[in-house]
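*Asks:* sequence first, predicted model second:
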Amino acid sequence: MRFLTKLLSLIIVIYITSCSTNKNEVVVYTTVDQIFSEPILKDFEKETGIIVKAVYDTEETKSTGVMNRIIAEKDNPQCDLFWSGDPMRTIVLMDKNILAPYKSPNAVGIKDVFKDKDGYWTGFSARARVLVYNKSMVDDYEIPQSIFDLSRKDYKAKVAIANPLFGTTTFHIAAIFNVLGDEKAKQFLIDLNANEVVIATSNGDVMSRVARGEVFCGLTDTDDANEAMKEGENIGIVFLDQGVIGSLIVPNTLSIIANSKNQDNAKLLFDYLLSKQTEAKLAKSCAQMPLHKGVEIPKGVPALDNIIPMKINYEKTSSSLKRIQNYLKQWLEN
Amino acid sequence: MVRKLIRHPLYIVTYALFVFFIVVPVIYTFITAVFSSDGVFLLQKQTYLLLSKSILISSITAFFSTGLGTVLGFIIYKTNVKYRHFFKLALLIPLFISPYIMAVAWKDLLFLLFNANSLMLSYVGLVGVMTIVFVPISMLIVGSALSNIDSQLEESALVITDLKNVIIKIILPLIKPALFTSFILVFIFSISEFSVPVYFGVKVFTTEIFTQFSAFYNHSLAIMQSLLLVVICVLLLYSEHKYISDAPFLSIGSKGSNSKLFDSEKLNNIGLPFLIVYFGISILSPVFILLFQSLNGGALVIIHAFDLLLPTIVNSVLLALVGAFIIVFIGFISAFYSIKNENAKVFNWLLLLIFAIPSTVYGISLIKFYNQPTLDIIYSSYAIILIAYIGKFSFISSKLIANAINQIPSNLDEIAQIQGVKAFSRICKILLPLILPSLFAAFIISFVFSLGELGTTIMVYPPGMEIMPIKVFTLMANVPQSLVSAMSLIVLTLTLLIIIGFYLLMKPLLRTYNFVND
């Protein structure tokens, strides 16, 4: 009996302290939804034999785990590569001196606006911010074409946006501040508030409310809209402000974490993710728009060439965000 | 005797390990935060307004939960109502479903039924869902207190007055400590709850802490704010401790109990419909909507959900299993020595301190402390997850076991001692068999809570590892609702099956000690 107890204790100790350390591995933290990112990481494993250890989180749930982990692990980084669903978080990490520069050969062909000049981050496959509307509740001629239409009286309490303190909505608002200037942007928010805009918990929640008919329309990302359309929801999308300020383009970004343990493998994965092949896969799985030219995209996936983008500098927009965050918090609370 | 017990190596080692592995990281984080935070928020009116709002919402939730739990506990534990054994287990189901999933299910159900959910997107919805989630805890606490009432008191009272007066004048005063405890524990669970308020768009203190963490990345402020919550929780539990002065609660064992069952037709006629209606509303409705949504996607969705969860099942169950064993062991050591020696109560307070800390803050504390090359064997292994579980749930286990030990007549131990039976033998041959049901209950509760733990685990799980609640959480964002519902149902079914399995495994042992009938 005593022998069995000792044996059991030994097994438990070995189990709980077991960690498969393998030199041929790479640790990636990602805020891109697991359902889309995992298959690509598995493909990389198969093709290279390098073991990918991933920590998943999701922008939809504010990326609490991954971002806070990377910041808290700063002095002894566990993560080699950060694959973010948007540039904003990456730039937060860059400002905290957590990233290391790397210029991938596969970044050639991607426009300069989508990458950091020093190589701290590089963008690839992008989403866009769109208006999603319920086709059975909104007539064609009434469909808003501009963010300013969302303050129209006939849309009172019938427009949803996600919490502007988080995710791509924050980035969208910061971009609006950048493009319009503080005064006009604040007026836009005041008008939205006066029109009783509905604050949803996430972009996915915006999508669900529109699909269910709780609201007529809302602002969300193309991938959320695409998923809803795949599920057969009766919704339509509009790229807003195509004649004026343009639509916000939100690329994925890749960054190497400074002083991490598997830098070489991280660079290999970086190159792999930045390839046209990966962009094609993301276009197929979640309607993301390739940033490389010449990538085949499935029918129904918007092409970047057909959209007038919001002309912003991502790093400046991220800086604006810090400036307006307290204002957004107050706006939300009022 | 007392001094000898407190110096027992088992106690010292357990206590020292708990302090080193779990308490030190938290204290270290708090101290760091105190020195790097300006503390201005402590002077802001808004902080206290928000805190007051959270306290109010949690108090209302605790009030309703305790009230409903008392009614349900009375029907199940004090009457001979039909199917009461079924309801005793079935009404615990909300404990096994994530509060967030419950919130989603309720909102979807009301939308399906009434095509509107403005009612749900409000304080009413928040309090309603949290009440349903926490009623099982109240029912367990009050129910066990009810089953421990000496039947002589009730029978004597019934001779001279009617049942209504017995309930008001005898039963309620006797279970007052349990009501108080139920209120406080539910209050603590509610005030720490984050996912339900955020889903209903209600700003509370935990959402403010979360905002500081996730929007402003201001760890110091978030940690300092959470310290306020910890202080409130500790003060409340201290008052509970003073008020009930070790009165038993949350005890599962009923060996030797001669509690009276009221077997009146009138009570049964009211009790059974009440149980059925409550069961229908609180359990069947959300389960129905989850099932409805799952089936909406077709059978393939359920197969897909199972395929997604399959790689996570073994790891998650094993971790929860090992975690539950350790939690029960720590709970027993803490409970046993705290009862024997006043000085050992500090162990209980440490368990309470960690229990009261919001999950994210606890996760950050573990990262800051363990993420260094010398401690990599812990930080990069399953050990870090176990540390998370142990810190979060040992307090509940300790409370359960302490109350079971308190119910055992001290003369049993004294007689054995006089006979010269050694302390270790007395524990193994007298104490442990007598508290077996409570140990089992502590194990099951620890297992279920560990299996569903998300807040801290998502902060610390080693890269490459797959854990069930994290998988559901990270997939939830961008998969069809039918798949999320199917995954939730699979998790629920799996949890129930494992619990039934544990019960069947334990049954022979429980039978040996006459805790279950043949």
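*Replies:* Arrived safely, thanks for sending.

*Asks:* tell me the mean pLDDT for the helix or strand hosting residue B:46?
*Replies:* With secondary structure defined by DSSP states H and E, residue B:46 is part of helix B:45-78. Helix B:45-78 comes out with an average pLDDT of 91.

*Asks:* and that helix, what's buried?
*Replies:* When burial is assessed from 16 or more other Cβ atoms under 10 Å in any protein chain shown, helix B:45-78 yields the following buried residues: B:47, B:50-51, B:54-55, B:57-58, B:60-62, B:64-78. Every residue, glycine included, has its C-beta placed from N, CA and C.

*Asks:* and what of stretch A:236-255?
*Replies:* Buried-residue list, stretch A:236-255, by 16+ other Cβ under 10 Å: A:236-241, A:245-255.

*Asks:* same check, this time on stretch B:219-233
*Replies:* Residues B:219-230, B:232-233 are the ones in stretch B:219-233 that count as buried (16+ other Cβ under 10 Å).

*Asks:* again with stretch B:173-186
*Replies:* Quick answer for stretch B:173-186 (16+ other Cβ under 10 Å): B:174-175, B:177-186.

*Asks:* send the alpha carbons of that stretch over as PDB?
*Replies:* Output of stretch B:173-186 as PDB, limited to C-alpha atoms (Å, rounded to 0.1, in the frame of the first residue of the first chain):
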ATOM      1  CA  PRO B 173     -33.900  31.100  14.100                       C
ATOM      2  CA  LEU B 174     -32.000  27.800  14.100                       C
ATOM      3  CA  ILE B 175     -30.800  28.200  10.500                       C
ATOM      4  CA  LYS B 176     -30.000  31.900  10.800                       C
ATOM      5  CA  PRO B 177     -26.300  31.300  10.700                       C
ATOM      6  CA  ALA B 178     -26.700  29.300   7.500                       C
ATOM      7  CA  LEU B 179     -28.800  32.100   6.000                       C
ATOM      8  CA  PHE B 180     -26.200  34.600   6.900                       C
ATOM      9  CA  THR B 181     -23.400  32.500   5.400                       C
ATOM     10  CA  SER B 182     -25.400  31.800   2.200                       C
ATOM     11  CA  PHE B 183     -26.000  35.600   1.800                       C
ATOM     12  CA  ILE B 184     -22.300  36.400   2.300                       C
ATOM     13  CA  LEU B 185     -20.900  33.600   0.100                       C
ATOM     14  CA  VAL B 186     -23.300  34.400  -2.700                       C
END
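
*Asks:* pLDDT at residue A:152, what is it?
*Replies:* pLDDT, residue A:152: 91.

*Asks:* contacting residues around it?
*Replies:* Counting by Cβ atoms under 8 Å, 6 or more residues apart in numbering or on different chains, residue A:152 makes contact with A:144, A:195.

*Asks:* go on, residue B:239?
*Replies:* Contact analysis of residue B:239 by Cβ under 8 Å, 6+ apart lists residue B:184.

*Asks:* name the SS class of it, please.
*Replies:* helix (DSSP: H, G, I helix; E, B strand; the rest coil).

*Asks:* next one: it from residue B:398, what distance?
*Replies:* In this view, residue B:239 and residue B:398 are 19 Å apart by Cβ to Cβ, to the nearest Å.

*Asks:* related to what we said a few turns ago, for the helix or strand that comes right after the helix holding residue B:46, give me every contacting residue.
*Replies:* Next helix or strand after helix B:45-78 toward the C-terminus (DSSP H and E): helix B:84-90. Residues outside helix B:84-90 that contact it (Cβ under 8 Å, 6+ apart): B:72, B:75-77, B:81, B:143, B:275, B:279, B:283.

*Asks:* just give me the neighbour total for residue 314.
*Replies:* Since no chain was named, I'll use chain A. Neighbour count for residue A:314, taken as other Cβ atoms under 10 Å in any protein chain shown: 26.

*Asks:* meant chain B actually
*Replies:* Residue B:314 has 10 neighbours, counted by other Cβ under 10 Å.

*Asks:* the helix or strand hosting it near chain A anywhere?
*Replies:* If you go by DSSP H and E, residue B:314 is part of helix B:299-340. Yes: counting by Cβ under 8 Å from any Cβ of the partner chain, chain A has neighbours in helix B:299-340: B:318, B:322, B:325.

*Asks:* fine by me, thanks again.
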